[in-house]
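> Pasting the sequence and the predicted model now:
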Protein chains: 2
Amino acid sequence: MKVLGIDPGLQKTGWAVIEKTGYDISYIKCGVVRTSPNESIDERLIKIFNFIQDICQYYCVDKACIEEVFLNSNPKSSEKLIMARTSSILALAKCEVPIQTFCPNEVKKNVTGSGHSSKLTVETMVQKILNIKIEKSREITHDSIDALAIAICGVFAS
Amino acid sequence: MKVLGIDPGLQKTGWAVIEKTGYDISYIKCGVVRTSPNESIDERLIKIFNFIQDICQYYCVDKACIEEVFLNSNPKSSEKLIMARTSSILALAKCEVPIQTFCPNEVKKNVTGSGHSSKLTVETMVQKILNIKIEKSREITHDSIDALAIAICGVFAS
């Protein structure tokens, strides 16, 4: 079973594909889709939509997991986040990939044992679970590691 | 020039197509896309997305106008509204239809002369401008008339 994890964001959407084979979980690929504030909002949304659709088709994803979002005190940034998340959801729905959603604390709890773990703890546990060493770069950012954590959470919850 | 007006909403998205020929504005069609709370969120979003795409293709729309949304005190209803609006925007972007956005007050001001007109005044002016008599029904609701107002605003602003 191939699981796609998505950490939504307008500027950076983290994504990660992992595979569950029996009791084994293995890493396939992760990355980040970037859009620029210089592009129009519809250009940015369609870029995320097209990218997620491509990922679903290329990796033959069986299930996708995406974080719930909570509106914060800045209405404009909340709106952007919801728009980016909706683009991913629509791409998944277009590809008929079943979607599971998790709260950020739920993801942390499933991956590290505590809902209040630090970013560093999440990062360490993700690498331990997948038995890999991740080097962060322009292509693999913290958003990609969050997406891996979300995908792992989806495997544990299935 | 054919203009599509959209009044976004998760439960009901109003839509309207009008045509500008020289100084004339004429009514083509309006209606409402409904989704049910019994459907999953991704089913609801894809329904709006597919419907708006179909409308763009069927009527060969040249431009679309959609209302801006403002986050209200209810975060959940704001989120649903933004998600529904994003589905329409993505459908327009997929069809490469240019998008223009207007604030609700701007629409009222353009159509009635005042940014604080009542729903009834908007309704009356929309019918006067298009020289039609609209009978409300299950297929044509207030959301459809709002979409007509938004499309008229788009014609006036072009």
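Now that the structure is in, tell me what you want to look at. Numbering: from 1, shown residues only, chains lettered A, B, ... in the order given.

> List the buried residues of stretch A:101-118.
A:Thr101, A:Phe102, A:Pro104, A:Glu106, A:Val107, A:Lys108, A:Lys109, A:Asn110, A:Val111, A:Thr112, A:Ser117 (16 or more other Cβ atoms under 10 Å in any protein chain shown). Backbone N, C-alpha and C define where each C-beta goes, glycine included.

> ok, now stretch A:145-155?
A:Ile145, A:Asp146, A:Ala147, A:Leu148, A:Ala149, A:Ile150, A:Ala151, A:Ile152, A:Cys153, A:Gly154, A:Val155.

> got it, and stretch A:28-44?
Buried residues in stretch A:28-44 (16+ other Cβ under 10 Å): A:Cys30, A:Gly31, A:Val32, A:Val33, A:Arg34, A:Thr35, A:Ile41, A:Asp42, A:Arg44.

> Give me the mean pLDDT for the helix or strand encompassing the first one.
According to DSSP states H and E, A:Cys30 maps onto strand A:24-34. Averaging pLDDT along strand A:24-34 yields 97.

> Contacts for that strand next, please.
Residues from elsewhere that reach strand A:24-34 (Cβ atoms under 8 Å, 6 or more residues apart in numbering or on different chains): A:2, A:11-19, A:47-48, A:51-52, A:59, A:129-132, A:134, A:139-141, A:143-145, A:147-148, A:152, A:155.

> do that again at 6 Å, thanks
The contact list for strand A:24-34, computed with Cβ atoms under 6 Å, 6 or more residues apart in numbering or on different chains, reads A:12-19, A:48, A:51, A:130, A:132, A:139, A:141, A:143-144, A:148, A:155.

> what number of residues lie near A:Arg138?
Using other Cβ atoms under 10 Å in any protein chain shown, A:Arg138 has 8 neighbouring residues.

> actually A:Tyr59, not the one I wrote
Around A:Tyr59 there are 16 other residues, counting by other Cβ under 10 Å.

> Give me the spatial nearest neighbour of it, chain neighbours excluded.
With sequence-adjacent residues excluded and distances taken as Cβ to Cβ, 6 or more residues apart in numbering or on different chains, A:Tyr59 is closest to A:Val17, at 4.8 Å.

> before we move on, what SS does that neighbour have?
strand (DSSP: H, G, I helix; E, B strand; the rest coil).

> For it, give the beta-bridge partners.
For A:Val17, the beta-bridge partners are A:Leu4, A:Lys29 (DSSP bridges).

> quick one: it from A:Cys95, how far?
13 Å (Cβ to Cβ, to the nearest Å).

> Tell me the residues of chain A that contact chain B?
Residues of chain A that fall close to chain B, judged by Cβ under 6 Å from any Cβ of the partner chain: A:42, A:45-46, A:49, A:71, A:75, A:79, A:82-83, A:86, A:89-90, A:93, A:99.

> ok, residues contacting the strand or helix carrying A:Leu81?
A:Leu81 belongs to helix A:75-94 when assigned by DSSP H and E. Here helix A:75-94 makes contact (Cβ under 6 Å, 6+ apart) with A:6, A:8-10, A:45, A:48-49, A:52-53, A:64, A:69, A:71-72, A:99, B:42, B:45-46, B:49, B:71, B:79, B:82-83, B:86, B:90.
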